[in-house]
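Participant: what shape does this take:
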Amino acid sequence: MVRRQVSNTNTSSPHPRVRIRELLPTLFLGDNPPGPLNSITDVPGIGISTEELTSRDGSINTGVTCIVPRKDWSHKACYAGLFSFNGYGEMTGCHLIAESGLLASPIILTGTFGIGAAHQGVLEYGVKTQGRGFMALPVVAETFDGYLHDCAKFAVKPEHVSDGLKNARTQVPVKEGNHGGGNGMICHGLKGGNGSSSRRVKIPDRDETFTVACMVQANYGMMKDLLIAGVPVGRILADEAQKDEERKKAKDELEKAKEEKDGSIIVIVATDAPLLPHQLTRIAKRATVGLSRAGGIGRNMSGDIFLAFSTANEVPVNQPPPAEGESKTAIREAKVVDESAMSWLFEGTADCVEEAIYNCLCMAETMEGFEGHKVEALPLKRVKEIMAEYGRASLDRVVTGLGH
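Facilitator: Below is the predicted model of the structure:
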């Protein structure tokens, strides 16, 4: 029997996990400060919900994450842009975004075998709330959770998404780690899942400050490649695992499975900066910088797909023709950030993607799932020790103040 869990806290562990800033308070994570929640919901109007699906026998470990760009998403589109760093994955609706530069759909993140049900769930929600005239091409993105989850049970159903869209909330912290679509995911050979972060970007010599934020569903990479602010944490952990017979066996088994069906990462970047589609495509490309800082290299079978959108301009779509007496102009006006300010937004994007991946790893918990497969969480105490050791030897962006 599938159990549905919509929790109100980030963890049920007796030893709560913590985000990277709490774990390593002096770690340098960029010049721009985070927003109040340090999550994608720092962008005004963005709603989110997460639901986990589990079973008592441990064979089901999946879920759905629903991101709502704005309340009236089907009639007021957002400008959007895409970048496929390595296209070994799926994001439905991406052809329309590439063609029109518009996002007129919620964004659903789930497991590979949940794509169809999630797609149907968006459509069912639209028909239920707007009637038979509703039209959309849903945006649903996936990463493969088949190591910890029995995909053949097709646990995700349309109602999980339609309920998630109904229950999405704004200005709430994002549940990270083993939550939503990230429930059964693995990142750098450790328990992965959801992660989020944000930046308040002040444009120098200008009056404006914008929010750039992101959500990641991280299911990629080998342990040896994991970096935290330049420190080879993953290689150290991998070497230590080789010395423990049980951990070595689990690590080797997982790496063999990942070689056969490697994971992926989906990155959703949101901003209130008024950007046009070509600028948002450039923003989406900068997610690659944050990914590479954490050790992501875009492996052959990894679906690394990034979407960026802006809530600043409201673009009317699916509207009835103008009534008698209403303006019939075909001209629309849009606000836009000057190109000279883009570098600051690029920097904020790279920084928050990097931190979101760290938050995903720090918040995720050890899971034993399908066929007894077990994936350990990032050992936070050991990470602190490693970072302290490297903090004494480095004066660059790696660490400031650790190890004193």
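Participant: would you map the strands across the stretch 201-350 of the chain?
Facilitator: Taking DSSP state E, counting those that start in this stretch as the test, the strands found in the stretch 201-350 of the chain are 209-219, 264-271, 303-316.
Participant: shaky segments in the stretch 301-404 of the chain?
Facilitator: Applying pLDDT under 70 to the stretch 301-404 of the chain picks out residues 392-404.
Participant: export the strands of the stretch 201-350 of the chain to a markdown table and tack on mean neighbour count and distance to Ile60?
Facilitator: Heads up, the C-betas are built off the backbone N, CA and C, glycines and all. What follows is these, written out as a markdown table (neighbours: other Cβ atoms under 10 Å; distance: least, Cβ to Cβ, whole Å):
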| stretch | mean neighbour count | distance to Ile60 |
| --- | --- | --- |
| strand 209-219 | 29 | 17 |
| strand 264-271 | 29 | 20 |
| strand 303-316 | 23 | 22 |
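Participant: who wins for proximity to Ala250 among those strands?
Facilitator: For Ala250, the closest of those is strand 209-219, at 17.5 Å, according to Cβ to Cβ.
Participant: that older thread, would you turn the strands of the stretch 201-350 of the chain into a markdown table with distance to Arg247?
Facilitator: Below are the strands of the stretch 201-350 of the chain laid out as a markdown table (distance: least, Cβ to Cβ, whole Å):
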| stretch | distance to Arg247 |
| --- | --- |
| strand 209-219 | 21 |
| strand 264-271 | 24 |
| strand 303-316 | 28 |
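Participant: right, and the ones you listed - which one's nearest Gly30?
Facilitator: strand 209-219 (10.8 Å).
Participant: is it correct that Lys285 is in contact with Leu307?
Facilitator: No - using Cβ atoms under 8 Å, Lys285 is not in contact with Leu307; the gap is 11.5 Å.
Participant: where does the closest residue to Asn61 other than its chain neighbours sit: helix, strand or coil?
Facilitator: When the adjacent residues along the chain are set aside, Asn61 lies closest to Gly184, with 3.9 Å between them (Cβ to Cβ, 6 or more residues apart in numbering). Look at Gly184: counting by DSSP: H, G, I helix; E, B strand; the rest coil, its state is coil.
Participant: per-residue confidence at Gly184?
Facilitator: pLDDT recorded at Gly184 is 98.
Participant: next up, phi/psi of it, please.
Facilitator: When read as degrees, to the nearest 10, the backbone of Gly184 gives phi -110, psi 20.
Participant: what is the burial count for it?
Facilitator: 33 (other Cβ atoms under 10 Å).
Participant: low-confidence ranges, the stretch 1-150 of the chain, go.
Facilitator: 1, 6-15.
Participant: redo that, cut-off 50
Facilitator: 8-12, 14 (pLDDT under 50).
Participant: which residues in it form helices?
Facilitator: For the stretch 1-150 of the chain, the helices defined by DSSP state H, counting those that start in this stretch cover 20-23, 94-100, 115-130.
Participant: related to what we said a few turns ago, quick one: contacts for the residue nearest to Asn61?
Facilitator: Listed by Cβ atoms under 8 Å, 6 or more residues apart in numbering, the contact set of Gly184 reads Asn61, Thr62, Gly63, Gly111, Asp145, Tyr147, Leu148, His149, Met367, Gly369.
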